[in-house]
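In: okay, here's the prediction I keep looking at, along with the sequence it came from:
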Amino acid sequence: MTHYLEELRSGWRPLAAAVIGLSGGMVIIAYVFGIFAPYLIAEFGWSKSQFALVGLLASSAIFLLPLVGRLTDMIGVRKSASIGVLACPAIFLGFATIDSLLGYAVIYALQASVLVTTTNPVYCRLVVQHFERARGLALGITAAGPAVTIAVGGPLLNNLVADHGWRSGCDAMAIFTGLMGCAALLLMPPRKDEAATLRPKMHARQDYGWIFRRPAFWIIIAAILLCNLPQPVMMTQLTLVLSENGVSGKDASVMISAYAGGMLIGRLLSGVALDRFPAPLVATASMILSGIGLLALASGYDAPAAILVAVLLFGLSTGAEGDVIAYLVVQNFGVRIYSSVYGMIASVVAITAVIGTLFLSVMLKLYELYQPFLLLTGILILVGSVFFLLLPRDPVAEEV
């Protein structure tokens, strides 16, 4: 335990840099645009369908994540993150000047493309480079950072926008992201500490060939495809799901808070568990929770306590997912090509979110209820969770 805590103490700078960098980067942008949305629609008279259509531009990140991951392995976290750190304040300042849907679309597409350099495949590399014994907890703390930032800063930003307008909100976000990004860069350890782990460009064919030949890569991909289908749906439409189960008003608010709290707790608990137990077992146990939660919601049993537990289980699982993926990548592929692998897997997560949304749309058109979707995806999660058990418990991530 002494060595465990000592590593956290000695590695506080890279850990703080990762937490601050993620908390001032692309991870929080979706929540910010969500706060701005009603004010933009009201001021410009856009339809909700037009506004939603612009959201499809975020899909560019799906294709850029693998490229950014590879870039990070070649030039390092500092240089990769600097792109987004410099761009983010400029994007918000540009956003404050828009006066048309086209202008909004251009800014939205720009942030979805450039700010990919401030996401998990970049900043989590900083953590895995400097932590071994407490790697799981460090990744959990890193993932928890944006959640805490949103919980604290979201209401403040919302009040600012309500009192002074969304353009003032853009100015505030430009200042906030600029300060957070600069703080992250300043806290990063010296470049020489990272140089030994970088991967030259000339090894790309060798690296990707090795990655694609490893069964672990395909096992993780298959498990994610099955386990992640309902995630975006539950994050955006939880209120509607609860309403279908007869929960509304204050009870719904309590359950949504339980979901958010469960995510934060899940990130930290899974991190500690990963440092003490075989990662495949932790991954399976974590993902199974969401399957159980969905099946409970689909059962039609509408006792408030049972629904609360179901929502809490799903929140715990959702929070654990980011830690589990980040940990499994370094355990099975090592540090040298960490971001290359993580970038591809993060891209699959994004693709799965699109598939899940389309799948829900079809199911709702057929049944007009969430229950069939919850039932089927709950079963798929149980199957996908078992896939993680096919991973080696103590793999030798031979650095290529």
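Out: Okay, I see it.

In: how about L93, what does it touch?
Out: Listed by C-beta atoms under 8 Å, 6 or more residues apart in numbering, the contact set of L93 reads C170, D171, A174. (Glycine included, C-beta is placed from N, CA and C.)

In: give me the buried subset of those.
Out: Buried by 16 or more other C-beta atoms under 10 Å: C170, D171, A174, out of these.

In: helix or strand: which one has the last one?
Out: To tie it back to what came earlier, the one meant is A174. Per DSSP states H and E: A174 is located in helix 166-187.

In: what is that helix packed up against?
Out: For helix 166-187, the packing partners by 3 or more C-beta pairs under 8 Å, 6 or more residues apart in numbering; DSSP states H and E come out as helix 12-23, helix 26-44, helix 77-95, helix 135-164.

In: still on that earlier bit, turn the contacts of L93 into TSV, columns for distance to A87 and pLDDT.
Out: Formatted as TSV, those follow (distance: C-beta to C-beta, whole Å; pLDDT from 0 to 100):
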residue	distance to A87	pLDDT
C170	14	93
D171	16	95
A174	11	95
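
In: same list (those residues) but as JSON lines, adding distance to L22.
Out: Formatted as JSON lines, the contacts of L93 follow (distance: C-beta to C-beta, whole Å):
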{"residue": "C170", "distance to L22": "21"}
{"residue": "D171", "distance to L22": "22"}
{"residue": "A174", "distance to L22": "18"}
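
In: which of those lies closest to F373?
Out: Of all the contacts of L93, F373 sits closest to C170, with 36.2 Å by C-beta to C-beta.

In: that closest one and G94: what is the separation?
Out: According to C-beta to C-beta, to the nearest Å, C170 and G94 sit 9 Å apart.

In: check A16 too.
Out: Distance of A16 to G94, given as C-beta to C-beta: 29 Å.

In: quick revisit: quickly, which of the helices and strands packed on helix 166-187 bottoms out on average pLDDT?
Out: The stretch with the lowest mean pLDDT among these is helix 26-44, at a mean of 82.

In: could you give the angle of that one to helix 135-164?
Out: Calculated by axes from the mean of the first three to the mean of the last three C-alpha atoms, to 10 degrees, helix 26-44 forms an angle of 20 degrees with helix 135-164.

In: for helix 26-44, which helices and strands make contact with it?
Out: helix 48-54, helix 101-114, helix 135-164, helix 166-187.

In: how far off centre is that helix?
Out: Taking C-alpha atoms, centre = their mean, to the nearest Å, the mean C-alpha location of helix 26-44 is offset from the chain mean by 19 Å.

In: buried residues in that helix?
Out: Quick answer for helix 26-44 (16+ other C-beta under 10 Å): M26, V27, I28, I29, V32, F33, I35, F36, A37, L40.

In: contacts for that helix next, please.
Out: Applying C-beta under 8 Å, 6+ apart, the external contacts of helix 26-44 come out as 46-48, 51, 58, 61, 84, 99-101, 104, 108, 111, 115-116, 118-120, 146, 149-150, 153-154, 157-158, 161, 165-166, 169-170, 173.

In: pull out the buried members of those.
Out: Buried among these (16+ other C-beta under 10 Å): 46, 51, 58, 61, 84, 101, 104, 108, 111, 115-116, 118-120, 146, 149-150, 153, 157-158, 161, 166, 169-170, 173.

In: please pull out the lowest mean pLDDT helix or strand from this protein.
Out: helix 192-195 (a mean of 60; mean pLDDT, DSSP states H and E).
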